[in-house]
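1. with the sequence up front, the predicted model follows.
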Amino acid sequence: MLKKTLQIITVMLLGMSLNAQELLCTVTVNADKIPGSNKQKFTTLQNDLTEFVNQKHWTNFNYKNQEKIHCNFTITILQESGDEFKGNIQIQSSRPVYNATYLTPVFNFKDDDFSFQYTEYQPLLFNQNAYQSNLISVVTFYIYTIIGMDADTFSLYGGTPYYNKAQNILVQAQQSGYKGWNQNDGTRSRFVLIDNILSPTYKMFRNALYEYHLRGLDIMSTDKKNGKIKIAGAIQKLKNIYNSRPNAFLLRIFMDAKADEIVNVFSDGPYFDTSSLKEDLLKISPLNASKWNKIK
C-alpha cells in the first residue's frame, strides 16, 4: 500500500514538473495618480494579470524552478476615462548566473505608449492567431520578447521563435489604432524594438547577449579573468554596431540593463586592462559616462 502511495505521489510530482511554467513574474499596477477611493478594479487587474502571466505555458519547453525567468511588469496608470486607461509599463527580466546565487539583468525597458481598455473581472484571453485587446497584446508581446532574450543568452540566436511570436502579435495589433505598433510611432516603439532585434543589421546585438552571458558571466565562478575577456569581447561586438549605427536603439536597450553590472564586473579582481574597454563604453553609451569613470 505504501509503495502504491509513493508511486502516485511520484506521478503527481512529475506532472507538476512537466507543467512548470516559464515565468516567475511580479505584476504591479500603480494607480496612485488616479483620484478617487475606488481602487479595487486596479487590484483585480493586478491579480488577474499575475495569474495570466505566471500560470500559462508560453513555450513547448518545461522549465525547472531554478530555470524560471524572473521578471517584473510595473504598470503605472496616469489617466482614466471610463474604461479607457493611459500610462506606461516598465518591463524587467533577469536570469540566474551559473554556479552563483546572483541574478543578472537581461532586459529593462519602459514603454510610455501604453493605453488599454479594461472592465473589472473581464476575462484575460490570449489567441496567438487573433487580436484580442491592447492590454493582452502589449503584455504578451513583452512576454515573448523576455523569453526570446533569455533564450539568446543561453544559445546563439536561440530566441528567434519567440521574437517571431512577438512580431506576429505586433502585426495583428497594427490595425487596432493604439500607438506603439507601427513604424511611424517613434524611435523607441515596440515596432522598432522587434524589427531591430530580428534584423540581420543588428545580429551582433544578439551575438553579444550570448557571448556576454553564457561565455562570460557563466564562467566567472571558475575563471574570472577569461570571463572578463569574453564580456569585453561582447562589448566589442556592440562597438561594431556603433561604428555603423551610432544611434542604434538596441545599444540603449543593452546598456539600460547592463551598465551597473559592467562597472561591478570590471571594478573587481583579477586585474584586467580596461583602457580600451572604457573608450568603447564611452562611445557606445555616453549617457553612462559617470559610471564608466568608476571602472579602474
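-> The structure has been received and is ready for your questions. What you are looking at is a predicted structure, and each value in this text was computed from that prediction instead of being measured. Numbering: from 1, shown residues only.
2. can you pull out the helices in the protein?
-> With helices called from DSSP state H, the chain shows them at 2-18, 40-55, 134-154, 160-173, 190-198, 203-213, 224-244, 249-266, 275-284, 289-292.
3. mean pLDDT lowest for which of those?
-> Between the helices of the chain, the one with the least mean pLDDT is helix 2-18; it has a mean of 35.
4. K230 is in contact with R215, correct?
-> Yes - assessed by Cβ atoms under 8 Å, R215 is found in contact with K230 at 4.4 Å. For glycine as for every other residue, the C-beta is placed from the backbone atoms N, C-alpha and C.
5. what about those two, which has more around it?
-> K230 (20 against 17; other Cβ atoms under 10 Å).
6. list the contacts of G158.
-> A151, D152, Y210 (Cβ atoms under 8 Å, 6 or more residues apart in numbering).
7. can you tell me how far it is from T59?
-> To T59, G158 is 11 Å away according to Cβ to Cβ, to the nearest Å.
8. with V139 instead?
-> 16 Å.
9. same check on Y163?
-> 13 Å.
10. those two: who's more crowded?
-> Y163 (22 against 14).
11. these two touch, right, that one and G148?
-> Yes - Y163 lies in contact with G148 (Cβ under 8 Å); the separation is 4.3 Å.
12. now do the shared contacts for the two.
-> I197.
13. on that earlier part again, by neighbour count, which of the contacts of G158 wins?
-> In these, the most neighbours by other Cβ under 10 Å go to D152, 25 neighbours.
14. and S133, how many neighbours?
-> Neighbours around S133, by other Cβ under 10 Å: 18.
15. show me the contacts for it.
-> So S133 contacts F116, Q117 (Cβ under 8 Å, 6+ apart).
16. pLDDT score assigned to it?
-> On the pLDDT scale, S133 gets 97.
17. what of E67?
-> Predicted confidence (pLDDT) for E67: 84.
18. who's in contact with it?
-> P96.
19. distance of it from N207?
-> 23 Å.
20. one more: L287?
-> L287 is 23 Å from N207, by Cβ to Cβ.
21. who has more neighbours, these two?
-> Set L287 next to N207 and count neighbours by other Cβ under 10 Å: N207 wins out with 19 against 11.
22. which one of the helices of the chain lies closest to V29?
-> For these, the distance to V29 is smallest for helix 40-55, at 4.0 Å, taking Cβ to Cβ.
23. list the buried residues in the closest one.
-> K41, F42, T44, L45, Q46, D48, L49, T50, F52, V53, N54 (16 or more other Cβ atoms under 10 Å).
24. send over it as PDB, restricted to the C-alpha atoms.
-> Only the C-alpha atoms of helix 40-55 are listed here, as PDB (Å, rounded to 0.1, in the frame of the first residue of the first chain):
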ATOM      1  CA  GLN A  40     -10.500  47.800  -6.300                       C
ATOM      2  CA  LYS A  41     -10.500  47.400 -10.100                       C
ATOM      3  CA  PHE A  42      -6.800  48.000 -10.200                       C
ATOM      4  CA  THR A  43      -6.200  45.400  -7.600                       C
ATOM      5  CA  THR A  44      -8.300  43.000  -9.600                       C
ATOM      6  CA  LEU A  45      -6.300  43.800 -12.700                       C
ATOM      7  CA  GLN A  46      -3.100  43.200 -10.900                       C
ATOM      8  CA  ASN A  47      -4.200  39.900  -9.600                       C
ATOM      9  CA  ASP A  48      -5.600  38.700 -12.900                       C
ATOM     10  CA  LEU A  49      -2.500  39.800 -14.800                       C
ATOM     11  CA  THR A  50      -0.300  38.000 -12.300                       C
ATOM     12  CA  GLU A  51      -2.300  34.800 -12.800                       C
ATOM     13  CA  PHE A  52      -2.400  35.300 -16.600                       C
ATOM     14  CA  VAL A  53       1.400  35.800 -16.900                       C
ATOM     15  CA  ASN A  54       2.600  33.100 -14.500                       C
ATOM     16  CA  GLN A  55       0.100  30.300 -15.000                       C
END
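25. report the buried residues of stretch 109-116.
-> Residues of stretch 109-116 classed as buried by neighbour count (16+ other Cβ under 10 Å): F109, D111, D112, D113, F114, S115, F116.
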